[in-house]
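J.: sequence first, predicted coordinates after that:
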Amino acid sequence: MEMPVAKRDADLIYQRWGDKVLNAVMQTSVYTRLEDTSEENENLASQSRAGNGKVLRPHVYYDEGPFDAPSSDSEEETLLEKGPESRRSGSRSPRTAENGFESGSLFTGELKRRAGTLRCLLILLSFLVLFAMIIGIFAAHTYTGTSFAIVRGLKPLTMDHVFNGTFYAQHSSLRWVKEAGDGVYADVDNTRSMEEGYTLNIAEWKVSPDLKHILVKADYKKQWRHSSFGNYYIHDIAAKTTISLVEPSSPPRTSYAEWSPTGEAIAFVHSNDLYIRPDAEPNTQAIRLTASGSPTRFNGVPDWVYEEEVFSGESALWWSPDSRKLAFLESDETDVDVYTFPVYNPDSSSWSVHPYTEDVAMRYPKPGYANPRVEVRLFDLAGYLANSEGEETDEEEEIDDEISEHLFRLTWSPRHSSGESIIMDVTWVGSDDLLVKEVNRAADDGSVVFFDTSNFETDSEVRGAVVRRLGKNGEEGDDGWIESRQAITPLPSALVSTLGLGRTAYLDLVNNSAGFTHIALFSPASSNEPRFLTDGEWEVVNNILGVDAKGIVYFAAAYPTSVERAIIAAPIPSVLGEETEELDRIANLTVLTDVSVPAWYEADFSPESGFYLLGYRGPNVPWQSILKTGVTREEFEYKLHENEKLNVTLSEYQSPITIHSTIENDGYELNAMELLPPNFDDSGRTKYPVLFRVYGGPGSQMVHTQFVRDWHAYLTCALKYIVVVVDGRGTGYKGRALRNPIRGNLGYWETRDQVEAARVWASKKYVDPKRIGIWGWSYGGFMSSKIAEANDGIHSLAMAVAPVISWRLYDSIYTERYMSTPSLNPGGYANASISNMTGFHNINYLLAHGSGDDNVHFANSAHLLDMFTADKVRGFRFRMFTDSDHSINRRGAYRELHEWMTEFLLEKWGKGGTRRRW
């Protein structure tokens, strides 16, 4: 049976204006009912006569099944949108139909009473319309509107646009060819070549210094993040002939090959043994330097942990500038424990069935357990060739005495024990001068060792001298850690002679007295006194880009703010004994890029720094140009990519609004970046969910000014979410004062900063405080799990992808750098791990991990799931991505992961941008 009209109006009025107006309506409304109705209608009538009509409320959601949640201030308007039909009784009264009346009609037994009632209702309706007009006029005058421009008619951003390359910016890298003259680079039009009538699928290629040959890597087989195997070939450019470096195999067993800086010698690693081919001619025989190569012994290439955490690359060999000597790292991981994980399906098809798994066994050192033992070795190629015919040695033969006589081990004192020693850098600073940088496991004590290899004192060793001390009692001078980087840059010998800097000299990145990373000159190379070329409360980033013949040093800097990148030039002091403070100040620097507006630049300089590839990476559409140093862009510029098509595409689609700011917590200024939906309304009438994106690892940076159109852009444009990134304590490019506090207690201060950031955004008038969440990958997954554990009452949602759950499960070199060892810091390891399950009962939590993750092992998520079982945590979502590694991209997993997370967000929060009605 339909509800009487007056009763329906009363319910609507009650929901909007409350009891007082409802009572007035009920006192004015006159209605009767038919003789006898159902018991249900009798109850309804009695409630109406009493003036206490029941107001419907939304059902309580118990986290089961899909739910498009309204914002916290939109419950009224959602109910109003349903209208009175949603509150009607489900059936008509049979008795009213028999008497010829429509269910729900308003009537009385006397026409006069009915007319009087209608007049009262009309008067009341007129009063309500007038009252609504007054409220509307008041709202119109008090509403200030949004301060952001409203743009209509643009195409919506979809998930397809994010993943199909719609917003791809063309970007190239160059291969500078030193011997061809400064500014000459090589490019290859295709990736296919012929060898003995067979087509080679080229994965990589390198041109010889004399431009006569190309070293080609084919049959690529991935190993870890940076390393791979392949069959290598030497292609003669003039003769158009191709020969194999070693006999090809399937699967390939050669892991690395590299030209010497001069001439045509090739150093390569085959089955973990190191070889040198003196030239590229077809009949040249290779020289085998080592015979110890095995699955646990490495020569010239790093093992897993050195590849991942020290060198960030696949090579551990270093040619001297004159190609007469070769230094290399020898690693023994026999004592390192084995971690094994299964491969369920080695094929590219998800429908392939393999009854038995294939196990991958890897030596993976964990905190407190044995590390690989490493030594630096040196081979005197020139001395060997002068005294030997260089006959080929078979792969199964031992190294002959002639080779052993020219193979040396580098030693120094004091040196950390083999179980404590980590070799962080090996660099030639001259044809005879070599530097080795060593640190201990805790990365709080280290040294730079100088070797003069012009004369060999013994038959088997070259002794070095410690010339610089690193760590708390050295250059860092605080309780932080020694950064893992390979930044030593030798100065060309001609420049050293011109500037009168001694026999050899080099540049390195050193912390100034305020804890900011800057460029320092060490001259001669055996000196321990840095002379700073740069200074200030900003930082030089990554490695030095180049040094030209005039003594100008080129580098990238987090300048003028830490979220930007500029390319800068600094002069080298010409007189070693010159003592002026002016040399150490930014007044002498030349900024090569535009710093009048926020921007992010990168550069790649030619070998003699006469030319460079300049890349503009944002915030607008990226572009690339080749420029010449010492002249203006008007005088010389070759535009490589302008991305005109992307400019047109961007003008057609919706884009997020990016706002940079800072927040403060515990006296620290933290960088923040906010991505806002198109046509954003900051008046407070519209409420938005906020999803924080976090990484937060030591020395990292997520707040930037680069151009990006990724999944987060989709969330802002399509779902009307706000995405916020805050770089908390421990992150990079703002000095050691911001980085050091996290030492020994990963996750604690970072969590405090993320919680404070959530409080800041929750207080903003355009934010829905009930829909604030966080997500992260890897270290970011650890951080989002820490937020869930914190049980702060602010975050209602957290998503963790491939998270670290216990730092005792991660690798030793990374973890101990920031946490020391478990035996020295047991409390820190306990605090830094996820162990308190209380918060997980009170948050919508999503967990994803690849079963083939060689970096952050699946054991982390398995451990968390086990704790969930013990504590009966059930309101979470979990998914394992079969055989995916840390990047989760196996068999289409990457996009599926993001679509799955999107569905989770929609289920728990619904769409954003709910507008308040006045």
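T.: That came in fine, so what should we check first?
J.: can we go C-alpha only for contacts and neighbour counts from here?
T.: Noted.
J.: what residues of stretch 623-641 count as buried?
T.: Buried positions in stretch 623-641, judged by neighbour count with 16 or more other C-alpha atoms under 10 Å: 623-629, 640-641.
J.: secondary structure added to the residues you listed, as a markdown table?
T.: Rendered in a markdown table, the data for these read as follows (DSSP: H, G, I helix; E, B strand; the rest coil):
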| residue | secondary structure |
| --- | --- |
| 623 | strand |
| 624 | strand |
| 625 | strand |
| 626 | strand |
| 627 | strand |
| 628 | strand |
| 629 | coil |
| 640 | strand |
| 641 | strand |
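J.: TSV for those, including distance to residue 224 and pLDDT?
T.: Formatted as TSV, these follow (distance: C-alpha to C-alpha, whole Å; pLDDT from 0 to 100):
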residue	distance to residue 224	pLDDT
623	31	96
624	31	95
625	33	95
626	33	93
627	36	94
628	38	92
629	38	91
640	32	92
641	32	94
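J.: pull the most distant pair out of those residues.
T.: Put simply, by C-alpha to C-alpha the two of the buried residues of stretch 623-641 set farthest apart are 629 and 641, 19.4 Å from each other.
J.: distance to residue 723 for the buried residues of stretch 623-641 - can I get that in a markdown table?
T.: Converted to a markdown table, the buried residues of stretch 623-641 look like this (distance: C-alpha to C-alpha, whole Å):
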| residue | distance to residue 723 |
| --- | --- |
| 623 | 26 |
| 624 | 29 |
| 625 | 32 |
| 626 | 35 |
| 627 | 37 |
| 628 | 40 |
| 629 | 40 |
| 640 | 33 |
| 641 | 30 |
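J.: just name the closest of the residues you listed to residue 492, please.
T.: The nearest member of the buried residues of stretch 623-641 to residue 492, counting by C-alpha to C-alpha, is residue 629 at 17.6 Å.
J.: do I have it right that the closest one meets residue 608?
T.: No: in this structure, residue 629 is not within contact of residue 608 by C-alpha atoms under 8 Å, at 10.4 Å.
J.: what is the neighbour count of the residue lying closest to residue 652 once chain neighbours are set aside?
T.: What sits nearest to residue 652 in space, not counting adjacent residues and going by C-alpha to C-alpha, 6 or more residues apart in numbering, is residue 154, at 5.5 Å. Residues within reach of residue 154, counting by other C-alpha atoms under 10 Å, total 13.
J.: rounded mean pLDDT for stretch 649-665, please.
T.: Per-residue confidence for stretch 649-665 averages out to 95 on the pLDDT scale.
J.: where does residue 247 fall, secondary structure wise?
T.: When elements are defined using DSSP states H and E, residue 247 is found to belong to no helix and no strand.
J.: how much space between it and residue 832?
T.: For residue 247, the distance to residue 832 (C-alpha to C-alpha, to the nearest Å) stands at 50 Å.
J.: neighbour count winner among the two?
T.: Between residue 247 and residue 832, counted using other C-alpha under 10 Å, residue 832 has the larger neighbour count: 20 against 12.
J.: wait, isn't that one in contact with residue 808?
T.: No: counting by C-alpha under 8 Å, residue 808 is not a contact partner of residue 832; they are 9.8 Å apart.
J.: need the overlap of contacts for those two.
T.: Both residue 832 and residue 808 lack any common contacting residue under the criterion C-alpha atoms under 8 Å, 6 or more residues apart in numbering.
J.: quick one: residue 435 is in a strand?
T.: Yes: read with three-state DSSP, residue 435 is one of the residues of a strand.
J.: identify the residues contacting residue 674.
T.: Taking C-alpha under 8 Å, 6+ apart as the contact definition, residue 674 lies against 657-660, 722-725.
J.: which of the helices or strands spans it?
T.: Counting by DSSP H and E, the secondary-structure element that holds residue 674 is strand 668-676.
J.: if we can go back for a sec, the residue nearest to residue 652 contacts residue 650, doesn't it?
T.: No: between residue 154 and residue 650 there is no contact under C-alpha under 8 Å: 9.6 Å.
J.: re earlier: could I have the buried ones of the contacts of residue 674 as ChimeraX selection syntax?
T.: Burial among the contacts of residue 674 is assessed by 16+ other C-alpha under 10 Å; the matching ChimeraX selection reads:
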select :657,722,723,724,725
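J.: for the stretch 651-800 of the chain, just list every one of the helices.
T.: For the stretch 651-800 of the chain, the helices defined by DSSP state H, counting those that start in this stretch occupy 711-718, 736-739, 748-762, 779-790.
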